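A.B. asks: Build the 3D model from these lines:
(one chain, ligands or ions: 2)
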Amino acid sequence: MTTSLSGLRTHLCTEFITMAAAARTLRIGLIPGDGIGREVIPAGQRVLESLPSSLNLKFSFVNLDAGFDTFQRTGTALPDKTVDTLKKECDGALFGAVSSPSTKVAGYSSPIVALRKKLDLYANVRPVKTTVGSTSGDPIDLVIVRENTEDLYVKEERTHEGPNGKVAEAIKRISESASTRISTIAGEIALRRQKIRAAAPATATRDQSMVTITHKSNVLSQTDGLFREAARKALAAERFSSVHVEEQIVDSMVYKLFRQPEYYDVIVAPNLYGDILSDGAAALVGSLGLVPSANVGDGFAIGEPCHGSAPDIEGKGVANPIATLRSVALMLEFLGEEIAAAKIYTAVDANLDEAKFLSPDMGGKATTQQVLDDVLKRL
Ligand SMILES: NC(=O)C1=CN([C@@H]2O[C@H](COP(=O)(O)OP(=O)(O)OC[C@H]3O[C@@H](n4cnc5c(N)ncnc54)[C@H](O)[C@@H]3O)[C@@H](O)[C@H]2O)C=CC1
Ligand SMILES: O=C(O)CCCC(=O)C(=O)O
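C.D. replies: Ligands and ions are numbered 1, 2, ... in the order given. Presented below is the predicted three-dimensional model:
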């Protein structure tokens, strides 16, 4: 397996890829989950099946269960079989979305949060990018690199009776090692983007790569303070000397991101801030239905659209499949299949630029199937 964090090229790589890939079959776990996850993951599978045969790339698929529906049927949201199959049989996976309830349900726990931990997928990489036709101002081209295993997502919560009623508490765990690891990855991604820009100066949107460390250490001086300190130290390494490093407190980060999104390049953040920032950034490029992610560790990658199960549009056939199609491409990049990934990015970008088959979230009338068909035609 060739999964590699340094494989990240986002959408900038198309023109530099000239080498033909060796023949390879990849086994991909498909975890649709709940809601529109079941509508967009089949689209992702279709795109993989429709890649040109000249790529010498074949796929076999295994359908796996997870989610609230699985919980209701079986009593567990993440069956052991799903985790075991991913670990023992698969090269990568696609995860749709799950419908986690907003109130506590005994025995239920978010399967995607658990899966990230069980497979030690410690980086959640979320590129947010405008395409040529979708922007009248400076293009947005940033990557949010979100720590994926700790922070408030360790889900160690408790409730007790205080003198004035119930009190609920949650642990926010930040470790030096996880903060160093994610910041190093952010630095590597920044270097990679710098290299790609240097190879195509005409289309480069900036001269120097930049990493913005996001935190709230003015208030949370120990937890976010440790994240900030570890990130500063990791990014001060000699090999990142060409990368500009700055920091931004998370609340003003939101303000600046919304005022001047084109300013940002790589943003590194603890788990929760990264989650929130990426949904916000999705609004800047048009829709949550456009923004992909990859959960990446040493040796495995799960492509996953940033959005959730969207119960408000579930079953209507109008979910935008593009976040999933881009997540398929992102997964392929981390599996070392950059040519195949570039083909998907190019087809998706062409669909968006032509703007003939856009789903309702993008102001169009196209169904999930029509958007998919248009992308497949361009492949
Ligand atoms: N990774 C995961 O499995 C995630 C699961 N969730 C779960 O999803 C459920 C719903 O959460 P929400 O807060 O409503 O967030 P959501 O992301 O599901 O939806 C937010 C809004 O964006 C729209 N939207 C999302 N994806 C879209 C797409 N592909 N095409 C068109 N429109 C799209 C929805 O229609 C909705 O109006 C919850 O149960 C939550 O726990 C939420 C986020 C991530
Ligand atoms: O609803 C769930 O089960 C997980 C939602 C968490 C989330 O948005 C993310 O971590 O990307």
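A.B. asks: got a list of what the closest residue to ligand 1 within the stretch 101-250 of the chain touches?
C.D. replies: The minimum distance from the stretch 101-250 of the chain to ligand 1, using C-beta to the nearest ligand atom, falls at residue 112 (4.6 Å). Yep, even glycine has a C-beta here, placed from its N, CA and C like the rest. The neighbours of residue 112, taking C-beta atoms under 8 Å, 6 or more residues apart in numbering as the test, are 33, 66, 95, 98, 304.
A.B. asks: Which residue, other than its chain neighbours, is closest to the second one?
C.D. replies: If the residues on either side of it in the chain are set aside, residue 66 comes closest to residue 111, at 4.1 Å by C-beta to C-beta, 6 or more residues apart in numbering.
A.B. asks: And that neighbour, how far from residue 32?
C.D. replies: 12 Å (C-beta to C-beta, to the nearest Å).
A.B. asks: who touches both of those two?
C.D. replies: Both residue 111 and residue 32 are contacted by residue 67, under the criterion C-beta under 8 Å, 6+ apart.
A.B. asks: ok so, going back, and the residue nearest to residue 66, how many residues sit next to it?
C.D. replies: Residues near residue 111, counting by other C-beta atoms under 10 Å, number 27.
A.B. asks: ok so the residue of the stretch 101-250 of the chain closest to ligand 1 is a helix residue?
C.D. replies: Yes - using DSSP: H, G, I helix; E, B strand; the rest coil, the secondary structure at residue 112 is a helix.
A.B. asks: Quickly note the distance from it to residue 165.
C.D. replies: The gap separating residue 112 from residue 165 is 33 Å, by C-beta to C-beta.
A.B. asks: Could you do residue 64 as well?
C.D. replies: Using C-beta to C-beta, residue 64 is found at 42 Å from residue 165.
A.B. asks: Please identify which of the two sits among more neighbours.
C.D. replies: Using other C-beta under 10 Å as the criterion, residue 64 and residue 165 rank with residue 64 on top: 24 against 6.
A.B. asks: So which residues of the stretch 201-350 of the chain form helices?
C.D. replies: With DSSP state H, counting those that start in this stretch applied, the stretch 201-350 of the chain shows helices at 223-235, 250-259, 271-284, 322-334, 338-354, listed in chain order.
A.B. asks: For the protein, what lies in contact range of ligand 1?
C.D. replies: Selection of the chain residues close to ligand 1 by C-beta under 6 Å from any ligand atom yields 36, 97-100, 112, 288-289, 304, 307-313, 319-320, 323, 361.
A.B. asks: Type out the PyMOL command that picks the buried ones from those.
C.D. replies: In PyMOL syntax, the buried subset of the residues of the chain next to ligand 1 is picked out as below (16 or more other C-beta atoms under 10 Å):
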select buried, resi 36+97+98+99+100+112+288+289+304+307+308+309+310+313+319+320+323+361
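A.B. asks: Now, the residues of the chain next to ligand 1 that are in strands?
C.D. replies: Judged by DSSP state E, strands contain the following of those: residue 97.
A.B. asks: What sits closest to whichever residue of the stretch 151-300 of the chain sits closest to ligand 1 if chain neighbours are left out?
C.D. replies: Nearest residue of the stretch 151-300 of the chain to ligand 1, counting by C-beta to the nearest ligand atom: residue 289, 3.0 Å away. In this structure, residue 289 finds its nearest non-sequential neighbour in residue 320, 2.8 Å apart by C-beta to C-beta, 6+ apart.
A.B. asks: Does that neighbour touch residue 359 like I think?
C.D. replies: Yes - using C-beta atoms under 8 Å, residue 320 makes contact with residue 359 at a distance of 4.1 Å.
A.B. asks: shared neighbours, the two?
C.D. replies: 289, 368, 371.
A.B. asks: okay, now the second one: neighbour count?
C.D. replies: Think residue 368. Neighbour count for residue 368, taken as other C-beta under 10 Å: 23.
A.B. asks: The last one too?
C.D. replies: For residue 371, the count of nearby residues is 26 (other C-beta under 10 Å).
A.B. asks: measure it to ligand 2 for me?
C.D. replies: Residue 371 is 23 Å from ligand 2, where distance means C-beta to the nearest ligand atom, to the nearest Å.
A.B. asks: Next, that residue: phi, psi?
C.D. replies: Phi and psi for residue 371, reported as degrees, to the nearest 10, are phi -60, psi -50.
A.B. asks: my guess is it meets residue 357, correct?
C.D. replies: Yes - the pair formed by residue 371 and residue 357 meets the contact definition of C-beta under 8 Å, at 5.3 Å.
A.B. asks: joint contacts of these two?
C.D. replies: By C-beta under 8 Å, 6+ apart, the residues touching both residue 371 and residue 357 are residue 351.
A.B. asks: Can you tell me, leaving aside adjacent residues, what's nearest to residue 306?
C.D. replies: Distance criterion C-beta to C-beta, 6+ apart; nearest residue to residue 306, sequence neighbours excluded, is residue 291 at 4.4 Å.
A.B. asks: ok, the one you found to residue 284 distance?
C.D. replies: Distance, residue 291 to residue 284, using C-beta to C-beta: 10 Å.
A.B. asks: what is in contact with these two at once?
C.D. replies: Applying C-beta under 8 Å, 6+ apart, one finds that residue 291 and residue 284 are jointly contacted by residue 128.
A.B. asks: Of those two, which one has the most company?
C.D. replies: Counted by other C-beta under 10 Å, residue 291 and residue 284 do not tie: residue 291 has more neighbours, with 26 against 16.
A.B. asks: Quick one: residues contacting the more buried one.
C.D. replies: Neighbouring residues of residue 291 by C-beta under 8 Å, 6+ apart: 126, 127, 128, 278, 281, 282, 285, 305, 306, 307, 323, 326.
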